[in-house]
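Visitor: attaching a predicted model along with its sequence, questions to come.
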Amino acid sequence: MTMRGRSFASTAALSLLIGSGFLIPTPAHADVPPFDHIILIMMENHSISQIVGNPDAPFLNSLTLDNPVAANHFGITHPSLPNYMAVSGGDTFFTDDCSIEGGGCTTSAVSIVDRIEASGRSWKAYMEDMPSPCFVGDNYPYVEKHNPFIHFDNIRNDPIRCSNIVPYSQLAGDLAALPNFVWITPNLCNDMHDVCFPGGEIQAGDNWLSAEVPRIQNSPSCATPQTCLIVITFDEGNIEFDPPQDNHVFTIFVKVGPRPRDSDAPYDHYSLLRTIEDVWGLAPLTANDAAATPMRDIFEGEDQLHLAQLEEGAAGGREGGVPLWGVVPSGRIHRNQPEGRQPRRGAVLQ
């Protein structure tokens, strides 16, 4: 099969997986491998149906050729900040996008970086357009609500620890020796939150990822014998969608090696946190991540049936003779809707 054919087949198979259930029985779970570096990139406010097969997101879709997608992964709630806190701290802590200056927006709880430090590993959080390390407040297009670590008292009030929350511009100088755990928050123009450029927010975010992800992959920190896992996910889905698709997010695990199968197992952000903990044998933070299922099936080795699945998906990606995916006038992708529910122009609906 040609690369172009594989790309088409891959998105068609994912469409089938999202729209009508996985085609291959889920095997027994394997252990999560112990990566040297975990890099988590948090994107914004789009559901999985807005990404898979969307011509505005060619880079993200190209990654699905060689990397598995957690196709049944969900955010915890709305809006943004509680989801960021869930991934980093095992709890939403807050109910809205509060601010530290406004009060009631900090916690004395521990976070994943407490566990990471205690294990003898290192961490840094890279925030695009943050004006200085440990900055409190907004500096558009950087916003505090997309920086979970500043909300933890034992980080914000400790100058040494807080110096690990840095402007994204520092990443370039760290690529030769990345910390073990890296959190990356693009700015509002590059995380698909705001429309800042012609072509729209999805195209802008995909363009940003297409430049930044290869830079990390090709860095000395990810060169053999070191191992890197890059996780790209979204804090929440499109709140305009009906539940549960309003929080059904695209999550992909980018790593070197054979491509495992896509997962249809039900996961959420607590599962992602639990997976990070399991990679390094860290204790859970709360009852939420303790009870969560780690995403072990994402690491189960080469899927011998993957190409066959893709070919079947490309040939049969239809539901009752109707394609699962179509293009609205804006050129974006949506799943065909029941009669009476039509997408507004420029919107993407599941």
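Guide: Great, that's in hand. Predicted model only: the values in this text are computed from it and were never measured.
Visitor: K255: how many residues sit nearby?
Guide: Neighbour count of K255, defined by other C-beta atoms under 10 Å: 21. Every C-beta, even on glycine, is put in place using the N, C-alpha and C of the backbone.
Visitor: return the per-residue confidence for it.
Guide: On the pLDDT scale, K255 is placed at 95.
Visitor: swap in P33?
Guide: At P33, pLDDT is 88.
Visitor: what residues does it make contact with?
Guide: Shown in contact with P33 (C-beta atoms under 8 Å, 6 or more residues apart in numbering): 227, 279, 299.
Visitor: now, which of those lie within helices?
Guide: The members of the contacts of P33 that map onto helices under DSSP state H are V279.
Visitor: pLDDT, neighbour count and distance to V69 for the contacts of P33 - can I get that in a markdown table?
Guide: Shown next, in a markdown table, are those (pLDDT from 0 to 100; neighbours: other C-beta atoms under 10 Å; distance: C-beta to C-beta, whole Å):
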| residue | pLDDT | neighbour count | distance to V69 |
| --- | --- | --- | --- |
| T227 | 97 | 17 | 20 |
| V279 | 96 | 20 | 19 |
| F299 | 91 | 23 | 13 |
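Visitor: which of the contacts of P33 lies closest to D191?
Guide: Nearest to D191 out of the contacts of P33 is V279 (C-beta to C-beta; 24.3 Å).
Visitor: surely that closest one meets D31?
Guide: No: V279 is beyond contact range of D31, at 9.7 Å (criterion: C-beta atoms under 8 Å).
Visitor: the strands in the stretch 251-350 of the chain, which residues?
Guide: Using DSSP state E, counting those that start in this stretch, the strands found in the stretch 251-350 of the chain span residues 252-254, 267-268, 318-319, 322-323, 325-327, 333-335.
Visitor: the second one: partners in the sheet, and parallel or antiparallel?
Guide: The strands that strand 267-268 pairs with in its sheet are strand 73-74 (parallel) (by DSSP bridges).
Visitor: picking up where we left off before, between the contacts of P33, which is nearest G90?
Guide: V279 (15.6 Å).
Visitor: count of neighbours near the closest residue to the closest one other than its chain neighbours?
Guide: Excluding its sequence neighbours, the residue lying closest to V279 (C-beta to C-beta, 6 or more residues apart in numbering) is V32, at 5.1 Å. The tally of other residues near V32 (other C-beta under 10 Å) stands at 20.
Visitor: which helix or strand contains V32?
Guide: Per DSSP states H and E, V32 falls between elements, in no helix or strand.
Visitor: who are the contact partners of it?
Guide: Neighbouring residues of V32 by C-beta under 8 Å, 6+ apart: 275, 278-279, 294-296, 299.
Visitor: and which of the residues you listed is nearest to D242?
Guide: Among these, and counting by C-beta to C-beta, the member closest to D242 is M295, at 25.7 Å.
Visitor: surely the closest one touches S271?
Guide: Yes: M295 lies in contact with S271 (C-beta under 8 Å); the separation is 5.5 Å.
Visitor: could I get the pLDDT score of the residue nearest to F152 when sequence neighbours are not counted?
Guide: Nearest residue to F152 in three dimensions, chain neighbours excluded: S111, at 5.1 Å (C-beta to C-beta, 6+ apart). pLDDT for S111: 98.
Visitor: what's the neighbour count on S111?
Guide: Counted with other C-beta under 10 Å, S111 comes out at 24.
Visitor: hmm, it is touching I150, no?
Guide: No: using C-beta under 8 Å as the test, S111 is too far from I150 to be in contact (11.0 Å).
Visitor: next up, the contacts around P58.
Guide: Neighbouring residues of P58 by C-beta under 8 Å, 6+ apart: 206, 210.
Visitor: how about the contacts made by the residue lying closest to D194 once chain neighbours are set aside?
Guide: Sequence neighbours aside, L188 is the residue nearest to D194 in space, at 4.4 Å (criterion: C-beta to C-beta, 6+ apart). Neighbour list for L188: 44, 140-143, 146, 194, 196 [criterion: C-beta under 8 Å, 6+ apart].
Visitor: between those, which sits nearest V182?
Guide: V182 has its nearest neighbour among those in H146, at 15.4 Å by C-beta to C-beta.
Visitor: please consider this matter closed, and thank you.
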